[in-house]
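A.B. asks: Got a sequence here, can you build the structure:
(2 chains)
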2 protein chains.
Amino acid sequence: MNIHAKRIKDLQHLLKQNKLDAIVLTRTLDIGFLTGYYMDDYLLLVSRGAAWAIAPQMFVEDLKVKAPFVTPVAAAGGFEQAVLDLRQKHKLRKAAFDPEYETYNRGNLWRKNGFSEKGGLLGSLRAIKEGEEVSDLRKSCRIAAKAFGLIKPRIKTGRTELSVYRELEDIMQAMGAKGPSFNLIVGFGPNSALPHHITSERKLRNNEAVLLDYGCVYNHYCSDITRTYFHGRPTEEFKKVYSIVARSQKAGLAAVRGGVKAMSVDKACRDVIADAGYGQYFIHGTGHGVGLEIHEFPRLNTKFEATLRPGMAVTVEPGIYLHGKFGVRIEDSVLVTRTGCEILTKTA
Amino acid sequence: MNIHAKRIKDLQHLLKQNKLDAIVLTRTLDIGFLTGYYMDDYLLLVSRGAAWAIAPQMFVEDLKVKAPFVTPVAAAGGFEQAVLDLRQKHKLRKAAFDPEYETYNRGNLWRKNGFSEKGGLLGSLRAIKEGEEVSDLRKSCRIAAKAFGLIKPRIKTGRTELSVYRELEDIMQAMGAKGPSFNLIVGFGPNSALPHHITSERKLRNNEAVLLDYGCVYNHYCSDITRTYFHGRPTEEFKKVYSIVARSQKAGLAAVRGGVKAMSVDKACRDVIADAGYGQYFIHGTGHGVGLEIHEFPRLNTKFEATLRPGMAVTVEPGIYLHGKFGVRIEDSVLVTRTGCEILTKTA
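C.D. replies: Down below sits the predicted model:
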């Protein structure tokens, strides 16, 4: 069975489990995950036995070829009305929408028409990577990891952060990536101390930190990796901080496996940094799920309630940021297994 | 005054006009438009006299430097609660949110706490391009237009759509673009007949249509352009269809000026194609606003109620699609003026 046809079946199974007749989906990534047809501005209505793509006329011919397991319904505007009409025609009494991602206005339209709220169905399907997804994710991460070995020797004194950003993109595209998976961060010197630094025209000087936080999209799947190193002769302080972050990240990776709380991975990382006296400089969570989105379910931080399951893909990325001086972050994307994890972004 | 400080002032003026004490903003592009600090995962609360950025701790140092006219409020999670606290502390009784873009869950949280619904404030500010925006948009469009002259001679028999896609990106990045403004469309032969074709490994053959629908992002501003031509010796049918679309687009451009209905531009394009007997093959709207988003307010189609105003940027892009054979679309991004429009994507 086609992987997308199977995913629709999986969702239909969840509908049955949740005593729902249908669900309306409006997020491009959720719909693309189910159909393989990633496009803004169309809706999907899935019942226990069918799936309708409510789309502009101009998508219809393409949908027939690329997603033959859904029924295209051309709607010139008025997508919501088309959904309501289908629901009535097929007597889909217990219909639902996802209140976390639906807009306020459209959510109210569904509510007014008797839809109920049901979040998390797509989240739970998307969280566990299966089949082709795993190989796409592996490939995406392998491209990113390989790119580090290729770009590092080319980062020389005088180059701007943006020129490195562009070359990193090119290197990854030459290996088959579609593009970057987010606004890649290239931070030189004190810019490395800003966890979400905006890559700039700043030039690299001798003897300062270089931080690269980047990734690519391969067949819709995002990779995420961070490497930090010292350009020139590392200071004692850099060496000390680097070794603490490296130990912290190692502890985090060792804590990942199916069945553990996401929080416990954060704690494993945080304890190492706190014990070394740098707790106040680790100013973000330890990681996040990664897949069709660069940030998706679950989060690995001090508060998020979730249990890691085999097949989930997450990042482990502790850091220490000394404002005005430098920052160090080390990040890998990993696939959770029953007994531990597979590091997807391993570099030499 | 800094352009972003001015935009916040403009919004504060709108709050006063609308008898509101404050508005909470949650869309990255709306917030970036106001602050110049484009980043996911932070909120902006704007009152008549102040603006607070409710953000993760890791953004705070960066915000102080890059958006000194807003007050950063570090909130470890619980952004919504921080907004509610600020509102209470500063007695912002009449507070609002945008129901069109807010999520259903968060919108309900605001409603439960007495916020009212107020859409369109940011839309109306963003629709009229001012100052730096206009030069950024011009530059973005000029890069895209120039790229056509550079890529066209390089599109040869045997090349894949995706290889052209990547080279187009590279060409635009070499001219200073940050990246593509959407999933660029490169369609060869029958693929040109799919308005939203997904660029593929299809190779170019002798004597077939080539359609390029592309654009770039320059300093956050998106450009959008489409060019279609025949690779080889054009058929009579292609020549005929091309000349109809060219006349249609010219009529559309001639109809654009401040004060006219968006619909009337659509009608000008559509009438030419319908009169030529191809009405049923023009299967989409004539255009859309373009700016921080590739598709933004207003739409130019048969239904959307809006009046064009000087300073708006829109596309004019009629097309004829002969399924299984070829499609022709011609698109320019233009800036609406009092007496007509400035074509931003002019090619030789």
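
A.B. asks: which residue ranges form the helices in the stretch 51-200 of chain A?
C.D. replies: A:60-66, A:79-89, A:104-112, A:121-127, A:132-151, A:161-174 (DSSP state H, counting those that start in this stretch).

A.B. asks: closest to chain B out of those helices?
C.D. replies: Of all those, it is helix A:104-112 that lies closest to chain B, at 3.0 Å by Cβ to the nearest Cβ. Any C-beta I mention is one placed from the backbone N, CA and C, and that applies to glycine too.

A.B. asks: I'd like the average pLDDT over the closest one.
C.D. replies: Mean pLDDT, computed over helix A:104-112, is 97.

A.B. asks: Enumerate the residues of the stretch 201-348 of chain A near chain B.
C.D. replies: Residues of the stretch 201-348 of chain A found near chain B (Cβ under 8 Å from any Cβ of the partner chain) are A:283-284, A:295, A:301, A:303, A:321, A:323.

A.B. asks: Now that you've got those residues, can you turn the buried subset into something I can paste into PyMOL?
C.D. replies: Restricted to buried positions by 16 or more other Cβ atoms under 10 Å in any protein chain shown, the PyMOL selection for those reads:
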select buried, chain A and resi 283+284+295+301+321
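
A.B. asks: I'd like the residues of the stretch 201-348 of chain A next to chain B as CSV, with secondary structure, pLDDT and distance to B:R233 appended.
C.D. replies: Shown next, in CSV, are these (DSSP: H, G, I helix; E, B strand; the rest coil; pLDDT from 0 to 100; distance: Cβ to Cβ, whole Å):
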residue, secondary structure, pLDDT, distance to B:R233
A:I283, coil, 94, 64
A:H284, coil, 95, 60
A:H295, coil, 95, 51
A:N301, coil, 96, 62
A:K303, coil, 93, 66
A:Y321, strand, 98, 62
A:H323, coil, 93, 65
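
A.B. asks: In TSV: the helices of the stretch 51-200 of chain A, plus distance to chain B and mean neighbour count.
C.D. replies: Converted to TSV, these look like this (distance: least, Cβ to the nearest Cβ, whole Å; neighbours: other Cβ atoms under 10 Å in any protein chain shown):
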stretch	distance to chain B	mean neighbour count
helix A:60-66	5	16
helix A:79-89	13	17
helix A:104-112	3	19
helix A:121-127	13	19
helix A:132-151	14	20
helix A:161-174	5	21
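
A.B. asks: Is it possible to get JSON lines of those helices that adds distance to A:D266?
C.D. replies: Output for the helices of the stretch 51-200 of chain A, formatted as JSON lines (distance: least, Cβ to Cβ, whole Å):
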{"stretch": "helix A:60-66", "distance to A:D266": "40"}
{"stretch": "helix A:79-89", "distance to A:D266": "40"}
{"stretch": "helix A:104-112", "distance to A:D266": "32"}
{"stretch": "helix A:121-127", "distance to A:D266": "18"}
{"stretch": "helix A:132-151", "distance to A:D266": "21"}
{"stretch": "helix A:161-174", "distance to A:D266": "28"}
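
A.B. asks: For A:Y214, which of these is the nearest?
C.D. replies: helix A:161-174 (5.6 Å; Cβ to Cβ).

A.B. asks: Pull the residues that contact the closest one.
C.D. replies: Identification of contacts with helix A:161-174 by Cβ atoms under 8 Å, 6 or more residues apart in numbering or on different chains yields A:143-144, A:147, A:150-151, A:154-155, A:179-180, A:184, A:186-188, A:191, A:199-202, A:204, A:212, A:214, A:216, B:166, B:169-170, B:173, B:179.

A.B. asks: For it, the averaged confidence score.
C.D. replies: pLDDT averaged over helix A:161-174 gives 94.

A.B. asks: For that helix, C-alpha coordinates in CSV please.
C.D. replies: Coordinates of the C-alpha atoms in helix A:161-174 are reproduced here as CSV (Å, rounded to 0.1, in the frame of the first residue of the first chain):
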residue,chain,number,x,y,z
GLU,A,161,28.7,35.2,8.4
LEU,A,162,26.3,35.6,5.4
SER,A,163,28.8,34.3,2.9
VAL,A,164,29.3,31.2,5.0
TYR,A,165,25.5,30.8,5.3
ARG,A,166,25.1,30.9,1.5
GLU,A,167,27.9,28.5,0.8
LEU,A,168,26.5,26.1,3.4
GLU,A,169,23.2,26.2,1.6
ASP,A,170,25.0,25.5,-1.8
ILE,A,171,27.0,22.6,-0.4
MET,A,172,23.8,21.0,1.0
GLN,A,173,21.9,21.6,-2.2
ALA,A,174,24.7,20.1,-4.3
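
A.B. asks: Tell me how chain A divides into domains.
C.D. replies: Segmentation of chain A into domains, based on automatic domain parsing, reads A:3-126, A:132-343.
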